[in-house]
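**Q** need the 3D shape of this:
(one chain, ligands or ions: 1)
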Amino acid sequence: MSQASDNTGREALVQVRGLVNRFGEQVVHDGLDLDLYRGEILGVVGGSGTGKSVLLRSLVGLLQPAAGTVHFLGEDLYALYEMDRARLICRSGVLFQKGALFSSLTVLENIGVPLVEHAGLSRSQAESLAWVKLALVGLAPEAGLRYPAELSGGMVKRAALARALALDPPLLFLDEPSSGLDPIGAAAFDRLLLTLRDAFGFSVFLVTHDLDTLHAVCDRVAVLADKRVRVTGTLEEVAATPDSWVQDYFHGPRGRTAQQATQTTDEVS
Ligand SMILES: Nc1ncnc2c1ncn2[C@@H]1O[C@H](COP(=O)(O)OP(=O)(O)OP(=O)(O)O)[C@@H](O)[C@H]1O
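**A** Predicted structure coming up:
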């Protein structure tokens, strides 16, 4: 099935309509609409508890919504049989907040898991390919032989990114990839993400609190509030929205610092 296009001709690889998510009495999303277009990096922001991670879980088949639809690469995700859904989701890579690497496996073995389980490669084929992915995310060969507990926070994120990219997915879902990293490590991760997106052209759904990341890598921003996506657009369009949360977020002291940092980088480059 083909993907949906909007009236500007952009192709939505993920299209969410009327999404409702609830836990018992608590309604987290109520009629949420969102598109993720081919090749873009979409930054998803919102106050704590507005449902950014829950949304990500709904998009990658881990949380069946109470109502609404998620079209994923042209397929109605939750109308599929579980096995077909799992097969479709394999065409995306997910990086969870803490990396979610298997602690008993080395980095190389971790990267090889999707290659063995979903692409049917032998262990030695998976290992050969895992070396390539390791280099792609800027990790030294010796890091491949280490266990997750022996890595720094930045290395864990890179290893998890390598695993998420193992099957060359057209879609990548990242939940706060720079959380827990120092500003230099976070900026390096941002640059890596941008370089890889430019090289491979995948689309990214990026949950973040990090204003520097928004300025550095995102083509569009979606703001979650009141159980929906309240506003989407380029950073400039969203920042100009006369909404009190948006104004505080983008034009408060941290927002101004991030903006100045981007302007300085642009002037230098
Ligand atoms: N499995 C669950 N069971 C019950 N409630 C849940 C579950 N998962 C999430 N929630 C609730 O859903 C709401 C949204 O959570 P979510 O983690 O998506 O927020 P968030 O926007 O990602 O927050 P933060 O920015 O702090 O990470 C919260 O109130 C949370 O307690």
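
**Q** quick check: mean pLDDT of the helix or strand harbouring Asp248?
**A** For Asp248, the host element (DSSP states H and E) is helix 244-251. Mean pLDDT, computed over helix 244-251, is 84.

**Q** is it up against the ligand anywhere?
**A** No - Helix 244-251 does not reach the ligand (Cβ under 6 Å from any ligand atom); its nearest approach is 12.3 Å. For glycine as for every other residue, the C-beta is placed from the backbone atoms N, C-alpha and C.

**Q** tell me the residues of the protein that contact the ligand?
**A** So far as Cβ under 6 Å from any ligand atom goes, the chain lies against the ligand at Phe23, Val28, Gly46, Ser48, Gly49, Thr50, Gly51, Lys52, Ser53, Val54.

**Q** list the ones among those that fall in strands.
**A** Residues of those located in strands (DSSP state E): Phe23, Val28, Gly46.

**Q** just the buried residues from the residues you listed, in PyMOL please.
**A** Here is the PyMOL selection string for the buried members of these, based on 16 or more other Cβ atoms under 10 Å:
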select buried, resi 28+46
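
**Q** show me where the stretch 151-269 of the chain has its helices.
**A** Secondary structure of the stretch 151-269 of the chain, counting by DSSP state H, counting those that start in this stretch: helices at 153-164, 183-200, 211-217, 235-239, 244-251, 253-268.

**Q** now mean neighbour count and distance to Leu73 too, for those helices, in CSV please.
**A** Formatted as CSV, these follow (neighbours: other Cβ atoms under 10 Å; distance: least, Cβ to Cβ, whole Å):
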stretch, mean neighbour count, distance to Leu73
helix 153-164, 24, 16
helix 183-200, 16, 16
helix 211-217, 22, 23
helix 235-239, 16, 26
helix 244-251, 16, 31
helix 253-268, 12, 32
